[in-house]
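Visitor: Could you work out the structure for the sequence below:
(one chain, ligands or ions: 1)
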Amino acid sequence: MSEDRRRITLDLPANELDALLLGAQELAKRELSAAHDGPVFETPPTAADVRQLLTSELELPLEGEQVKPLLERCARIMAAGRRTAPTFFGYVLSPAAPVGVAADLVASAANQNVTAWRSSPAATELELLTIRWLGQFVGFSDDATGVLLSGGSAANLTALVRALRERSTPETDRRSLVVYASQEAHFSVAKAAEVVGVRLRTIAVDEHWRMDVDALGRTIEEDRSAGLEPFCVVATAGTTSTGAVDPVDEIVGAAAGLWVHVDGAYGLPAAAVPSHRELFSGVEAADSVAIDAHKWLYAPLDCGVLLFKTFHPLTGHPASDGAAYLRVLADDERERFAFWDHGLELSRRFRALKLWMIFRFHGARKIAAAIANDIEMAAYMADQVRRSGDMQLLAEPSLSICCFRHRPPTLAEEHLDAHNERLLALLQRDGAVYLSNAKLRGSFALRACITNFRTTRSDVDRAIDRVRNIGGQLLESSGRTDSPMT
Ligand SMILES: *Cc1c(COP(=O)(O)O)cnc(C)c1O
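Guide: As a prediction, the model looks like this:
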């Protein structure tokens, strides 16, 4: 027997494995409760603090260590991180639903490689199934198909590759191909256009930050007259700055014949909220849509979803012209199915498990209700801002993003940008509440994104109070007011 034992294994004795998994479970619980109770940062670290924390990690560890000290190191590193607490409004990122955390742990332990049906039959079927569910959830298609990927950036790039396949020939000069997106589109669209080597035309937005469809129509016509080849329009359903939803139905009309991709990375889940469904009308006529489940479906990172109306391989016929190891020996069409024909990656983790478990455990109604709740919180924040005498709303929230600024009556317009910029830097150093910034018609805005199923009205109140307090202190220290703002 001993002869059959490897000299080296990375396995742990049973008791140590138990200690490791229990310890990891403890750490996971600590993170869940930190996200539950806040603060955003225990203490926001400086670069020097992080360097200090990692001084004992600089050398490559030649020898291993025990479970206990390892978990202690791990705990210290986690504690220095930012938590998606109920007052974290910085970026579009939801906290992880606990069910999704458990799913990710199990998926890692199983380590199935979801490249193709052959490699992971049930995981492949589950991925296609959850994609259909999502297509129904957002009203895109009852029979959607697609692929899970790292996030919105990967989804937009993959959609553009597919659009090229469908709307051009390999002989077309890429530099004559044009993709259209609004000024407010996410920068990943520009990146994707650059990667595939096509031109991006930026279309102006209306007063609500939605794509100006007349301008789109005119630009497409001009480009055609100039001998260029329009091939794709990217509509944004929920812009990253203000949550504006482009009028997808009108865009589909103006884009006749072009591939229409809807970048709904942030906002599209709101289409499952009955009061908001109409905002997204036209989505059902799009060719592809992107959703980030880690943004507003409460899945742990990373979980991007790209949905298509129909599947066509991105490659030629890999079974015949691909590498020999990609040749799938199966008669059944399903058994020959491979995600590598439809996305850019080969090896992929089992992302569908967390989506499936989140929807199974909570049900689609509850997920939609949680999203509706986030929208209410943003509307509440906008109300509080409107009612105050010292804050100004800079964009009416259409989904769950509220952009505003501190505007104390004593401060002149020309000082507001600098004042709010300083205020935000101090707020982010403070750790209790986290906001980010946007530039709206030239004004510096404080931006709050609410995609957190734990955020309550008092969290919103705390955020506004914090802005008021820090803004007041700034005014005092610069001597621009006679009355302290508290
Ligand atoms: C966040 C975002 C993206 C990028 O998604 P990642 O998952 O961060 O790659 C793309 N589009 C929109 C509208 C977004 O909000």
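Visitor: What segments of the stretch 301-450 of the chain are helices?
Guide: 318-321, 352-362, 364-387, 413-430 (DSSP state H, counting those that start in this stretch).
Visitor: Redo the ones you listed as CSV? Include mean pLDDT.
Guide: Formatted as CSV, the helices of the stretch 301-450 of the chain follow (pLDDT from 0 to 100):
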stretch, mean pLDDT
helix 318-321, 46
helix 352-362, 98
helix 364-387, 98
helix 413-430, 95
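Visitor: which of these sits most buried?
Guide: Across the helices of the stretch 301-450 of the chain, averaging neighbours per residue (mean count of other C-beta atoms under 10 Å) puts helix 352-362 on top, at a mean of 22. The way it works is simple: take the backbone N, C-alpha and C, and place the C-beta from them, glycine included.
Visitor: so what secondary structure elements neighbour the helix or strand containing Val289?
Guide: Using DSSP states H and E, Val289 maps to strand 288-292. In this structure, strand 288-292 makes packing contacts with helix 152-167, strand 259-263, strand 304-308, judged by 3 or more C-beta pairs under 8 Å, 6 or more residues apart in numbering; DSSP states H and E.
Visitor: That strand pairs with which strands, and in what direction?
Guide: strand 259-263 (parallel), strand 304-308 (antiparallel) (DSSP bridges).
Visitor: from the middle of its chain, how far away would it be?
Guide: Here strand 288-292 is found 10 Å from its chain centre; the criterion is C-alpha atoms, centre = their mean, to the nearest Å.
Visitor: before we move on, back to that, mind putting the strands paired with strand 288-292 in CSV, mean neighbour count and distance to the ligand included?
Guide: As requested, the strands paired with strand 288-292 are exported to CSV (neighbours: other C-beta atoms under 10 Å; distance: least, C-beta to the nearest ligand atom, whole Å):
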stretch, mean neighbour count, distance to the ligand
strand 259-263, 28, 5
strand 304-308, 27, 5
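Visitor: TSV for those, including mean pLDDT and distance to Pro170?
Guide: Formatted as TSV, those follow (pLDDT from 0 to 100; distance: least, C-beta to C-beta, whole Å):
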stretch	mean pLDDT	distance to Pro170
strand 259-263	98	16
strand 304-308	98	20
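Visitor: so what's Arg162 up against?
Guide: 259, 288, 308, 312, 314 (C-beta atoms under 8 Å, 6 or more residues apart in numbering).
Visitor: Could you do Gln428 as well?
Guide: With C-beta under 8 Å, 6+ apart as the criterion, the residues that contact Gln428 are 44, 90, 434-435.
Visitor: All the strands of the stretch 101-250 of the chain, residue numbers only.
Guide: Ranges of strands in the stretch 101-250 of the chain, per DSSP state E, counting those that start in this stretch, are 145-149, 177-182, 199-203, 229-236.
Visitor: can you list the residues of the stretch 1-150 of the chain near the ligand?
Guide: Contacts of the stretch 1-150 of the chain with the ligand, taken as C-beta under 6 Å from any ligand atom, map to Val92.
Visitor: For the stretch 1-150 of the chain, give me the ranges with low pLDDT.
Guide: For the stretch 1-150 of the chain, the stretches with pLDDT under 70 are 1-2.
Visitor: tell me the SS of whichever residue of it sits closest to the ligand?
Guide: Relative to the ligand, the nearest point of the stretch 1-150 of the chain is Val92 (5.3 Å; C-beta to the nearest ligand atom). With DSSP: H, G, I helix; E, B strand; the rest coil as the basis, Val92 sits in coil.
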